[in-house]
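**Q** Build me a model:
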Amino acid sequence: MNKIFRFSIVFLLCVPHLFAQNDATRRASKLGLGMNLSYLENFWKGTREKHFSDFANPEEAAKRKKMLADIANEGFTTVRIPICFSAWMELKRPYEWDNPEALKMVDSFVKWALDDGLNVIIDLHHPEFDRSISGADEPERIVNLWMRIAERYKNTDPERVFFELRNEPNHIPVDSWRWQAEQIMKYVREIVPKHTLIVGFHEWNGRKEMIESKPFGDPDIIYTFHYYAPFVFTHQGAGWAGEAMRDIRDVRFPYSSGKKISVPPSARGTWVEALINDYKRDSDSAYMYGELKAAKDWSLKNNVPIFLGEFGSYDQYSLMEDRCRHAAIVYSALGKLGIPNAWWEWDGGFTMFDKGAQRISSCMRKAIDSYSVH
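**A** Okay, the predicted model is just below:
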């Protein structure tokens, strides 16, 4: 037998994993079109003195059963469920659940979604609240929080249920977040060795920050990032993004030389004014495609799957026709690049619905349909 041929046979038998997708890559390919279903992250609706543990109620949560069915009926295959588990656990050791009844709402969301044929991402949202409660985001507490979450959902189907370690890590040094994520993985893996984890990087799950980072050692991870560019369009009027963004309005998409963006006094000399100055470039479809392609290139270079966990636009001052044009550009790029994704959000300020309606607008439907994986 030819020596080269014999070596090739032995090589193929010994390292088949090099020629097959791992679980994370295979599962990521099935996420497809996703939607965020907000509500269980709305800690600010609770009482600060109770560390917001009373923010959600079963009657309001029950309304999401129909919403999940509607999401599935509209052709979405995945739902990302942002959840402020932190509000329901003690602030200090032994870190027991101090509102265990609230967890039944999460159980219901997961069950309803699975019954509707959706993949489910259980996403830890706002463990730090608004940073007004000391100790809420201590690494030890978050590790314990995840151990309890993993224990509760360890018997779910790992082909359809995913665990996202932390939404938009922020105000955390790069090395500190990486160390914290590794600690969470270490302890969670002892409980859920077969589930795929979803992990983002510092600076609010930044795309640029992901590209500048190295993957973790765990092979069963889907890496996530968020894309709200151009921010001056997608967040005009958003008070939580700062006073300057709150005062921005009437930004059309894409840039038009005939529609100058007014710079409010609160934005002068700030990062928001810089965004306004760059808006012509940032709203260009080719430029946006290039930003998303850079994320895909990082994925291919490191041989790891990626997932766009949030994108969308706030409807406070933006026109639906502009929002649809923006959505179509992003969806089309994601389809060409083969990036699974989840729009933010089903209802609320980033909804795809026409104002006062309960169905996706016709132009948003066309935008969604532009997502075609090549």
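**Q** for the stretch 251-374 of the chain, what spans make up the helices?
**A** 271-277, 279-282, 285-302, 320-337, 362-369 (DSSP state H, counting those that start in this stretch).
**Q** Thr25: which of those helices is closest?
**A** Counting by CB to CB, Thr25 lies closest to helix 285-302 out of the helices of the stretch 251-374 of the chain; the figure is 9.5 Å. (Each C-beta comes from the backbone N, C-alpha and C, glycine too.)
**Q** Counting by contacts, list what that closest one packs against.
**A** Judged by 3 or more CB pairs under 8 Å, 6 or more residues apart in numbering; DSSP states H and E, the packing partners of helix 285-302 are helix 207-211, strand 306-310, helix 320-337.
**Q** now that helix: how far from the chain's centre is it?
**A** The chain centroid and the centroid of helix 285-302 are separated by 17 Å, computed with CA atoms, centre = their mean, to the nearest Å.
**Q** Please list the residues outside that helix that contact it.
**A** With CB atoms under 8 Å, 6 or more residues apart in numbering as the test, helix 285-302 has contacts from 207, 210-211, 214-215, 223, 225, 227, 229-230, 254, 281-282, 305-306, 308, 329-330, 333-334, 336-339.
**Q** related to what we said a few turns ago, columns mean pLDDT, mean neighbour count and distance to Phe129 on top of the helices and strands packed on helix 285-302, output as CSV?
**A** Below are the helices and strands packed on helix 285-302 laid out as CSV (pLDDT from 0 to 100; neighbours: other CB atoms under 10 Å; distance: least, CB to CB, whole Å):
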stretch, mean pLDDT, mean neighbour count, distance to Phe129
helix 207-211, 98, 19, 23
strand 306-310, 98, 25, 19
helix 320-337, 98, 20, 30
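**Q** Between those, which one is closest to Phe85.
**A** It's strand 306-310; of the helices and strands packed on helix 285-302, that one is closest to Phe85 (CB to CB) at 17.1 Å.
**Q** Now do that closest one against helix 320-337, angle only.
**A** Between the axes of strand 306-310 and helix 320-337, defined by axes from the mean of the first three to the mean of the last three CA atoms, to 10 degrees, the angle is 170 degrees.
**Q** The chain should start at 56 in everything you say after this.
**A** Okay, residue one is now 56; in that scheme the one you just asked about reads as strand 361-365.
**Q** export strand 361-365 as CSV, just CAs?
**A** Output of strand 361-365 as CSV, limited to C-alpha atoms (Å, rounded to 0.1, in the frame of the first residue of the first chain):
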residue,chain,number,x,y,z
ILE,A,361,-21.5,33.8,15.9
PHE,A,362,-25.0,35.2,16.6
LEU,A,363,-26.3,38.7,16.4
GLY,A,364,-28.3,38.9,19.6
GLU,A,365,-29.8,42.3,19.2
